[in-house]
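# okay, here's the prediction I keep looking at, along with the sequence it came from:
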Amino acid sequence: MADRNAINACGENWMLIRRIDAPRTNAGNVASTLPDSCQGDFQRFDFEPPQPHRHTHFFSVLNARSMEPFKNELWLNRSGLGGVSALIARNIRVVGASVLYSKDALFLPDEEFPGYLEQLFSNPVRKNKHDQFNSAPPDLVLEHAFVISHFLSKIYGHSLLEVFPKLALVKHYYDHGMKIPILLGHSEPGFVADFIRIAIPDAVIVEMLSEEGALVKNCLIPSQCKMYLLTPFHRKFFDELANKCQSLYANDVMPDKILVSRENIAANFRDLENWEEIKRIAIDYGYSEVCPEKLPLAQQISMFARAKSILGEYGSALHNSIFAQQKTHVIALNWINMVQQAIGLVRGQANIFILGDDGKPVLAPPPNTAGPIPIQKFSVPCDVVSQALDFVNGEM
């Protein structure tokens, strides 16, 4: 049953389940985790326990007048790796863009979903809209289904770090013959299904027909990675995926120095004003400009897996370094959060962050921001970019 202390009143009709009183079971043989073995409304099955990490990390912030990157590095280094588990929940409604409800309460258990989703749904307009979807009859009723996506999986970087690692456990089930459908939200972006099919070719994918979505009698939700730190279980999954994609493009010549472009992506909250100047410098140093969104997903993965140095503005496309090898240099223009550092830490990569002219990070607005978001314009000092590329060339 849900822990009553975890159902919080935040205004009229606001209920949220973040923590649940779920009995835990050591999964052992995957066959013991069939949904029919669930005791009560919720149960978690542990595949791997939490563990300390023993990674070392090359990390540098250039032109910095902020301590935020350093604070986050300290948090990551002091954090352990999370475990790997599956939550089985009874009678879960999935509506809209993979928004979950248990009866009348939003269902965002803390081991399975990022905490910022709670802030997103503190917006009463968004919350009421999904409450209405939940109160309508479902279009589908499924006996069993995996749910891996969430409200922001439409953004590639969020899917890459918060959704796709869950496929490691889904694949584990499929490898043991339990081909339970994967339920995707209404109007899920195509790259989500594409990634699933690359990772699990025989995946059974069910896409919701409308915003009213589905009722899942036995809903399986894999755990998320704690603080974006991949466990060895997840790293093995990403390595196998990268090797598979590289074999598909084995005869293609690909650059070992990648300049990740955002030219075809509309500015959301920041605009790097001297991008063209930085691009000219990078090309002089032998970097090839790449627009990842123009390439097939498997080709993107293969390209990043082969790269020895990756340069680009901090953002979703740069997070493709999750497929890159140990000792790859990743140079990020700006700093937003700990995600790129978490990737570098567990992948054994060298991270260099170059902040703007004022030495401060250009940060995303809070998740519950309402109304138009102002664009923050910034420039990165070109002489510092050149110095960083000199250093990387000397290390390659």
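Perfect, I can see it now. If you're wondering where the values come from, they're calculated on a predicted model, not measured in any experiment. Numbering: from 1, shown residues only.
# apart from its neighbours in sequence, what residue is nearest the residue most central in space within the chain?
For the chain, the residue lying nearest the average C-alpha position, counting by Cα atoms, centre = their mean, turns out to be Leu161 (2.0 Å). Take Leu161 and drop its neighbours on the chain: the residue closest to it by Cβ to Cβ, 6 or more residues apart in numbering is Tyr228, 5.4 Å away. (C-beta placed from N, C-alpha, C; glycine too.)
# in terms of helix, strand or coil, where does Ile331 fall?
When the structure is split into helix, strand and coil by DSSP: H, G, I helix; E, B strand; the rest coil, Ile331 lands in strand.
# quick one: residues contacting it.
Counting by Cβ atoms under 8 Å, 6 or more residues apart in numbering, Ile331 makes contact with Ser309, Ile310, Leu311, Gly312, Ile352, Phe353, Ile354, Val385, Ala388, Leu389, Val392.
# identify the bridge partners of the fifth one.
Beta-bridge pairing for Ile352 (DSSP bridges): Ser60, Ile331.
# wait, isn't it in contact with Ala332?
Yes. Taking Cβ atoms under 8 Å as the contact criterion, Ile352 and Ala332 are neighbours in contact, 7.2 Å apart.
# neighbours around the residue nearest to Leu161, how many?
24 (other Cβ atoms under 10 Å).
# that one contacts Met338, correct?
Yes. With contacts counted by Cβ under 8 Å, Tyr228 reaches Met338, the gap being 6.7 Å.
# which stretches of this structure have low pLDDT?
Applying pLDDT under 70 to the chain picks out residues 1-14, 28-40.
# again, only using 90
Applying pLDDT under 90 to the chain picks out residues 1-41, 53-56, 123, 262-268, 366-373, 395-396.
# helices of the stretch 201-350 of the chain, start to end?
With DSSP state H, counting those that start in this stretch, the ranges of helices along the stretch 201-350 of the chain come out as 232-248, 275-284, 297-306, 339-347.
# returning to what we had before: Ile352 and Ala332: who's more crowded?
Between Ile352 and Ala332, counted using other Cβ under 10 Å, the more crowded position is Ala332 (26 against 22).
# with adjacent residues omitted, what lies nearest to the more buried one?
If the residues on either side of it in the chain are set aside, Ala332 comes closest to Tyr314, at 4.5 Å by Cβ to Cβ, 6+ apart.
# so who does the one you found touch?
Tyr314 makes contact with Ala332, Leu333, Asn334, Trp335, Ile336, Gln340, Phe353, according to Cβ under 8 Å, 6+ apart.
# before we move on, back to that, okay, the contacts of Ile331 in TSV with distance to Phe237 next?
Compiled in TSV, these are given as follows (distance: Cβ to Cβ, whole Å):
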residue	distance to Phe237
Ser309	25
Ile310	21
Leu311	27
Gly312	24
Ile352	27
Phe353	27
Ile354	31
Val385	34
Ala388	31
Leu389	32
Val392	28
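# of those residues, closest to Pro367?
In terms of Cβ to Cβ, no member of the contacts of Ile331 lies closer to Pro367 than Phe353, at 22.5 Å.
# I'd guessed the closest one sits against Asn334; true?
Yes. Here Phe353 lies in contact with Asn334, judged by Cβ under 8 Å, at a distance of 7.4 Å.
# and the top strand by length along the chain, what does it pack onto?
Using DSSP state E to assign secondary structure, the strand with the most residues in the chain is strand 84-95. Applying 3 or more Cβ pairs under 8 Å, 6 or more residues apart in numbering; DSSP states H and E, we find strand 84-95 packed against strand 42-48, strand 99-102, helix 124-135, helix 167-175, strand 214-222.
# before we move on, back to that, which of the helices of the stretch 201-350 of the chain sits most buried?
Ranked by mean neighbour count under mean count of other Cβ atoms under 10 Å, the helices of the stretch 201-350 of the chain are led by helix 339-347, which reaches a mean of 25.
# run through who's touching it.
53, 55, 57-59, 69, 72-73, 76-77, 157, 161, 227-230, 235, 314, 318-319, 321-322, 324-326, 328, 330, 332, 349-351, 353.
# ok, stretch 103-115 next?
Contacting residues not belonging to stretch 103-115 are listed as 2, 7, 15-20, 22, 44, 82, 85, 87, 89, 91-92, 99-101, 117-118, 121, 127, 130-131, 134, 150, 162, 221-224 [Cβ under 8 Å, 6+ apart].
# before we move on, what about stretch 198-208?
Residues external to stretch 198-208 that are found in contact with it (Cβ under 8 Å, 6+ apart): 94, 139-140, 142, 145, 164, 167, 170-171, 174, 179-186, 188, 193, 196-197, 214, 237, 241, 244-245, 297-298, 301.
# using PyMOL, define a selection of the buried residues within the residues you listed.
The command below creates a PyMOL selection of those among those that count as buried (16 or more other Cβ atoms under 10 Å):
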select buried, resi 94+140+142+145+164+167+170+171+174+180+181+182+183+184+185+186+188+196+214+237+241+244+245+297+298+301
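# how much space between Tyr156 and Leu106?
For Tyr156, the distance to Leu106 equals 24 Å [Cβ to Cβ, to the nearest Å].
# likewise Arg306?
Relative to Leu106, and taking Cβ to Cβ, Arg306 is found at 42 Å.
# just the terminal-to-terminal distance for stretch 365-375.
This stretch, stretch 365-375, spans 10 Å end to end (Cα to Cα, to the nearest Å).
# name the residues of it that are buried.
Neighbour counts over stretch 365-375 (16+ other Cβ under 10 Å) mark Pro367 as buried.
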